[in-house]
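1. A structural model of the following input is requested.
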Amino acid sequence: MKLRMTWEYWCVFFAIAVVYYVPSGYLTSIGIPIDSLIFGGWLLFSFILLIKRNTKFTLIEFLYIMCIFILCMFQLSISPLILLTPVLIKHFLSNNSIIIFNRILNETYIFIVAVLFTIIYSVYYGISSGRFLHTGVDEVNESGLAIFLLALIIKKRWPKFGNIILLFGVLSLSRNYLFALIFYALWNIDVVKKICLKIYNKNIINLGVILPLAVFVLYLMGLFCETQYIEGKIFYEIAFKDRIKNFLDLSNYYRFTVVVYLVNIFLSTPKYLFFGCKESIFKTECYKYASEHGQLYVGNNPHNLLLSYTKIYGITGYFYISFVSLLIRKYISRNNLFIYIILLSYAIFLGASFNGYWLIISLFTLALYT
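-> Got it, this is the predicted structure:
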């Protein structure tokens, strides 16, 4: 029976295209936000389709959608519409979705095409960057996440080929990827698996709980990095072998101290916590804080998913995390818990894996292993 071009198929195809096929990283850098345009078009189409189906929303969903549209009017922007993603996915996915996902994997070659594009981008960008794995998103850590998920997806159909792709991901020289690969290997040890399952059974590894706790830890790490910078103990070497051995390098310094800057902005100007903070204002305040406290700031944004969404969309960003948490819990099992934990690490330290089109690819991968 021929695979029908269902909503699930187009949902997955658009997400795969943005991350792997289209040079979205390059186009965004020259002022063409192609990833936002493609994903925004998908959001609009899906929302109109839901309305045409006379979909009944729960009271909480209705209030959440109203908050999103109020946020759009307050910010004079349509970017908050991305917060609709988990609600749309929830109403479109059915009991047959996992079957459809398996058919997409087994009856199409969109993932093999993704591998081919990854090789092309890796050669093109890797020559000049010194980091030897890239996808269409270009950014090397996000490319690491992309190749890890792609490897897991392909392993379900071609196990040996999937393992080769997993090893290929090491060329990203990303610490996030290295952790993912190590944890993937550790998962095969019974003791590690039992500990993780015990923690999961107690509902501790819940996205809506773990991300706020992670923010608190990241804030403390940011304060620690500030004191270490003042004492001249931040490591400036950027070679990969030195970055692996030394935690206190500039990359981590920028990653953690920006958490302190953002929390300071929220405390000094509470309205930003409720309605979000414009990029220009955020960077101006961060430069000001860094200058006043003898720190460095290079214009970077928070890497943590909760912080990045709260920075842009205010407290509605946390409600987004709550909706995502409820959505993905339906797809987590003993078989794919290791994938979920790895995705959590990316959400905490990179800000990807459960947002926008990453959420679709992550759910697809989890569903295949359910």
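
2. what's the spacing between residue 86 and residue 255?
-> Separation of residue 86 from residue 255 (CB to CB, to the nearest Å): 26 Å. To be clear about C-beta, it is placed using only N, CA and C from the backbone, and glycine gets the same treatment.

3. of these two, which one has the most company?
-> residue 86 (24 against 20; other CB atoms under 10 Å).

4. tell me the SS of that one?
-> helix (DSSP: H, G, I helix; E, B strand; the rest coil).

5. ranges for the strands of the stretch 151-300 of the chain?
-> Ranges of strands within the stretch 151-300 of the chain: none, based on DSSP state E, counting those that start in this stretch.

6. so residue 156 makes contact with residue 370?
-> No: in this structure residue 156 lies outside contact range of residue 370 using CB atoms under 8 Å: 11.2 Å.

7. confidence-wise, which helix or strand of this protein is lowest on average?
-> helix 240-245 (a mean of 63; mean pLDDT, DSSP states H and E).

8. how far does stretch 120-133 sit from its chain's centre?
-> Averaged C-alpha coordinates place stretch 120-133 at 22 Å from its chain's average position (CA atoms, centre = their mean, to the nearest Å).

9. try stretch 151-162
-> 22 Å.

10. give me the contacts around that stretch.
-> With CB atoms under 8 Å, 6 or more residues apart in numbering as the test, stretch 151-162 has contacts from 102, 105-106, 111-112, 115, 163, 165-166, 168-169, 339, 364-365, 368-369.

11. any of these buried? List them.
-> Neighbour counting with 16 or more other CB atoms under 10 Å marks 105, 111, 115, 165, 166, 168, 169, 339, 364, 365, 368, 369 as buried within the contacts of stretch 151-162.

12. number of nearby residues for the nearest residue to the fourth one once chain neighbours are set aside?
-> Going back to what we said before, that points to residue 165. Closest residue to residue 165 apart from its sequence neighbours, by CB to CB, 6 or more residues apart in numbering: residue 151 at 3.9 Å. Residue 151 sits with 24 neighbouring residues when counted by other CB under 10 Å.

13. now swap in residue 97 and tell me
-> Residue 97 has 19 neighbouring residues, counting by other CB under 10 Å.

14. swap in the one 10 residues further on?
-> Neighbours of residue 107 under the rule other CB under 10 Å: 11.

15. how far away is it from residue 44?
-> Distance of residue 107 to residue 44, given as CB to CB: 28 Å.

16. okay, the buried ones among the contacts of stretch 151-162 in JSON lines with pLDDT and distance to residue 266 next?
-> Below are the buried ones among the contacts of stretch 151-162 laid out as JSON lines (pLDDT from 0 to 100; distance: CB to CB, whole Å):
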{"residue": "105", "pLDDT": "94", "distance to residue 266": "42"}
{"residue": "111", "pLDDT": "97", "distance to residue 266": "41"}
{"residue": "115", "pLDDT": "96", "distance to residue 266": "42"}
{"residue": "165", "pLDDT": "96", "distance to residue 266": "40"}
{"residue": "166", "pLDDT": "95", "distance to residue 266": "39"}
{"residue": "168", "pLDDT": "92", "distance to residue 266": "40"}
{"residue": "169", "pLDDT": "92", "distance to residue 266": "36"}
{"residue": "339", "pLDDT": "94", "distance to residue 266": "32"}
{"residue": "364", "pLDDT": "95", "distance to residue 266": "34"}
{"residue": "365", "pLDDT": "96", "distance to residue 266": "33"}
{"residue": "368", "pLDDT": "94", "distance to residue 266": "39"}
{"residue": "369", "pLDDT": "93", "distance to residue 266": "37"}
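
17. quick check: of the residues you listed, which lies closest to residue 283?
-> Comparing those against residue 283 with CB to CB places residue 169 closest, at 31.7 Å.

18. the closest one touches residue 144, doesn't it?
-> Yes: if you go by CB under 8 Å, residue 169 and residue 144 touch, sitting 5.9 Å apart.

19. what is in contact with the two at once?
-> With CB under 8 Å, 6+ apart, residue 169 and residue 144 have common neighbours 133, 177.

20. what is the neighbour count of residue 225?
-> Residue 225 sits with 24 neighbouring residues when counted by other CB under 10 Å.

21. my read: it touches residue 253, true?
-> Yes: between residue 225 and residue 253 a contact is recorded at 4.8 Å, counting by CB under 8 Å.

22. pull up the overlap in contacts between these two.
-> Taking CB under 8 Å, 6+ apart as the criterion, residue 225 and residue 253 both touch residue 234.

23. show me what contacts residue 214?
-> Neighbouring residues of residue 214 by CB under 8 Å, 6+ apart: 304, 306, 348.

24. show me where pLDDT drops low in the chain?
-> For the chain, the stretches flagged by pLDDT under 70 are 1-4, 202-204, 237-245.

25. pull the longest helix from it.
-> Secondary structure of the chain per DSSP state H: the longest helix is helix 207-230.

26. that one: which residues count as buried?
-> For helix 207-230, burial by neighbour count (16+ other CB under 10 Å) applies to 207-208, 210-211, 214-215, 218-219, 221-222, 225-226, 229.

27. and the two most separated of the residues you listed?
-> Distance extremes for those: the farthest pair is 208 and 229 at 32.6 Å, using CB to CB.

28. can you tell me what sits against the helix or strand residue 74 falls within?
-> Assessed by DSSP states H and E, residue 74 sits inside helix 59-75. Surrounding helix 59-75, the residues in contact under the criterion CB under 8 Å, 6+ apart are 57, 78-81, 83-84, 87, 275-276, 278, 313-314, 316, 319, 323.
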